[in-house]
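[1] predicted model, plus sequence, below.
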Amino acid sequence: MTIISRMVFKQIMKNSLFVLLTLVALFAFFDLIGQSGDIGTTYSLLQAFIMTGLILPSRCYEVLPIAVMLGAIFTLARFAQTSQFTVLRVSGIGPWKFFGMLLAPGIVLVIFAYLLGNMVAPPAQRLAKELKLDVSGSDFTGKELDSGIWVRDVQRNEQGRASQVSFVNVKRFKPGEAAYDWVIYVFDKPNHLGSIITAKSGTYSEEKGWILHDVTQEAVPTIPKDSRAQTDAAVTMKAMKEMVWGKSLDGNIFGLLMIKPEDMSLQELHHYIEYLKDNGQTYKRFDTAFWSKAFYPLAILVMLALSMPFAYQNARSGGMAIKIFGGIMIGIFYYALNNLFAFMSVLDSVPSVLSAMMPSILMLSCAGAAMWFVERRT
């Protein structure tokens, strides 16, 4: 690495880190303000600080590309303001070579973003939600569903074919403890309800799977659909202290439902997508989140490319504040594009992979057009 490359690397890393800390501190302040109604009543100020701290890795991951772009714009604008960039151009460093210098800090930051978004932020986000449930004394009851959490569970035979399909309803769930108030509707044949199982609680064992406690099983008799004949068939009930439901229902399924798809790691998203596929459920939203998570860190390289035209503008083309404001507008536009294509993907208007790539492709095209324009002017 040459002296110039080291200088560019050091300045971009330092300024990007400064902008990142500023943005994260701002978000942390707003998160604390949002919890002000619960501080002193539901939980203490210290617990609010801990929960806010656990959310910060997710915030850091979300704003990292914008922070890198603003840090790079500040660095390159300073180079232009002090005529250092003019000296670099005269010495024979063209746009492609200069972008190669920007790749070094870019690749380091991309690796950092992948580690942060997949190894740090998801468990911290989940821990924050678990802590909030614990200190408030409440249970997780599903995403805006008064009836609780609903899961479709398919049990398969040795040939891999579905032997029975069950619809599992859990009213309450405490992370790391148990799921409460189970109701399971078991369909042993297509369009035939074979039995209804209710249980007060259920715990997961790595050896046996789900173990239900205080169980009542109601067996529903089979009656021909068009039969008019009188029958003595009746619903039979059986009470049990314990019942092993097994491992067909994933042990982590309720924990994954605690967080949004956007806050899951790539491994968790892949695991849950496969689970949904096996159970014949819609997985489009999670597939969109998977590809968005896969391509999002690469947006850092796109942001560095977008910052390059600012280095080709001299000090008379606008003050530092105007350039930073322009960078913020670009970041907001990129964020809006991401959301737009994500919604289009969920609606099946755009394939998931394409929806994740298109914002970066469009912004990279804009960066290329801007570089062509400034090069043509100079």
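    Okay, I see it. Numbering: from 1, shown residues only.

[2] where exactly do the strands run in the stretch 151-300 of the chain?
    Along the stretch 151-300 of the chain, the segments classed as strands by DSSP state E, counting those that start in this stretch run 162-174, 178-189, 192-205, 209-219, 236-246.

[3] to Leu46, which of those lies closest?
    Comparison of the strands of the stretch 151-300 of the chain against Leu46 by CB to CB identifies strand 162-174 as nearest, at 22.4 Å. Quick note: C-beta positions are derived from backbone N, CA and C, even for glycine.

[4] that closest one vs strand 192-205, what angle?
    Counting by axes from the mean of the first three to the mean of the last three CA atoms, to 10 degrees, strand 162-174 lies at 50 degrees to strand 192-205.

[5] and the angle for strand 162-174 with strand 209-219?
    Going by the same axes, to 10 degrees, strand 162-174 makes 110 degrees with strand 209-219.

[6] quick one, grab the pLDDT at Thr216.
    For Thr216, the pLDDT comes out at 92.

[7] what residues does it make contact with?
    197-199, 237-240 (CB atoms under 8 Å, 6 or more residues apart in numbering).

[8] if you rank the residues you listed by neighbours, which is first?
    Within these, most neighbours by other CB atoms under 10 Å means Ala199, with 24 neighbours.

[9] how near is that one to Val154?
    Distance of Ala199 to Val154, computed by CB to CB, to the nearest Å: 20 Å.

[10] closest to Thr86 out of the strands of the stretch 151-300 of the chain?
    Among those, strand 162-174 comes nearest to Thr86, with 62.2 Å by CB to CB.

[11] now do the buried residues in the closest one.
    By 16 or more other CB atoms under 10 Å, the buried positions in strand 162-174 come out as 164-166, 168-174.

[12] name the nearest of these relative to Pro122.
    Phe173 (18.1 Å).

[13] can I get the lowest-mean-pLDDT helix or strand in the chain in PDB, CA atoms only?
    Ranked by mean pLDDT, DSSP states H and E, the weakest helix or strand in the chain is helix 253-256, scoring a mean of 71. Taking C-alpha atoms only, helix 253-256 is exported to PDB below (Å, rounded to 0.1, in the frame of the first residue of the first chain):
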ATOM      1  CA  ILE A 253     -39.800 -21.200  15.600                       C
ATOM      2  CA  PHE A 254     -41.400 -19.100  18.400                       C
ATOM      3  CA  GLY A 255     -38.100 -17.300  19.000                       C
ATOM      4  CA  LEU A 256     -37.800 -16.400  15.300                       C
END
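
[14] pull the number of nearby residues for Glu262.
    That count, for Glu262 with other CB under 10 Å as the rule, works out to 18.

[15] find the nearest non-adjacent residue to the residue nearest to the spatial centre of the chain, please.
    Computing the C-alpha centroid of the chain and ranking residues by CA atoms, centre = their mean puts Glu262 first, at 1.9 Å. Leaving aside its sequence neighbours, Glu262 sits nearest to Ala289 (CB to CB, 6 or more residues apart in numbering; 5.3 Å).

[16] got any ranges where this structure has weak pLDDT?
    1, 135-146, 159-160, 175-177, 223-232, 255, 257-258, 313-319, 349, 377-378 (pLDDT under 70).

[17] all helices in it, in order from the N-terminus.
    Along the chain, counting by DSSP state H, helices occupy 3-34, 45-81, 84-90, 95-115, 121-136, 253-256, 266-278, 284-295, 299-311, 320-346, 352-377.

[18] so how far is the third one off the chain centroid?
    Taking CA atoms, centre = their mean, to the nearest Å, one finds helix 84-90 lying 42 Å from the centre of the chain it belongs to.

[19] can you redo the strands of the stretch 151-300 of the chain as TSV with distance to Asn15?
    Shown next, in TSV, are the strands of the stretch 151-300 of the chain (distance: least, CB to CB, whole Å):
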stretch	distance to Asn15
strand 162-174	44
strand 178-189	48
strand 192-205	48
strand 209-219	52
strand 236-246	55
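
[20] looking at those strands, spot the one closest to Tyr43.
    So among the strands of the stretch 151-300 of the chain, strand 162-174 is nearest, using CB to CB, at 16.7 Å.

[21] and the angle from the closest one to helix 266-278?
    Going by the same axes, to 10 degrees, strand 162-174 makes 140 degrees with helix 266-278.

[22] give the contact list for the closest residue in space to Phe18 that isn't next to it in sequence.
    Among residues not flanking Phe18 along the chain, Gly71 sits closest, at 6.8 Å (CB to CB, 6+ apart). If you count contacts by CB under 8 Å, 6+ apart, Gly71 has them with 12, 14-20.

[23] and of the helices of the chain, who's closest to Trp182?
    Among those, helix 253-256 sits nearest to Trp182 (CB to CB), with 11.3 Å.

[24] now the closest one: how far from the chain's centre is it?
    14 Å.

[25] give the other helices and strands that that helix contacts.
    Helices and strands touching helix 253-256, by 3 or more CB pairs under 8 Å, 6 or more residues apart in numbering; DSSP states H and E, are strand 149-156, helix 266-278.

[26] so for Ser83, which of these sits nearest?
    Minimum separation from Ser83 across those (CB to CB) falls at helix 266-278, 44.4 Å.

[27] mind listing what's buried in that closest one?
    Buried-residue list, helix 266-278, by 16+ other CB under 10 Å: 266, 268-269, 271-273, 275-276.

[28] what inclination does it have with respect to helix 121-136?
    Going by the same axes, to 10 degrees, helix 266-278 makes 80 degrees with helix 121-136.

[29] helix 266-278: how far from the chain's middle?
    13 Å.

[30] ok, residues contacting it?
    By CB under 8 Å, 6+ apart, helix 266-278 touches 118, 122, 154, 250, 252-253, 256, 261, 264, 282-283, 286-287, 289-290, 293-294.

[31] filter the residues you listed to the buried ones?
    For the contacts of helix 266-278, a burial check counting by 16+ other CB under 10 Å picks out 118, 122, 154, 250, 253, 256, 261, 264, 283, 286-287, 289-290, 293-294.
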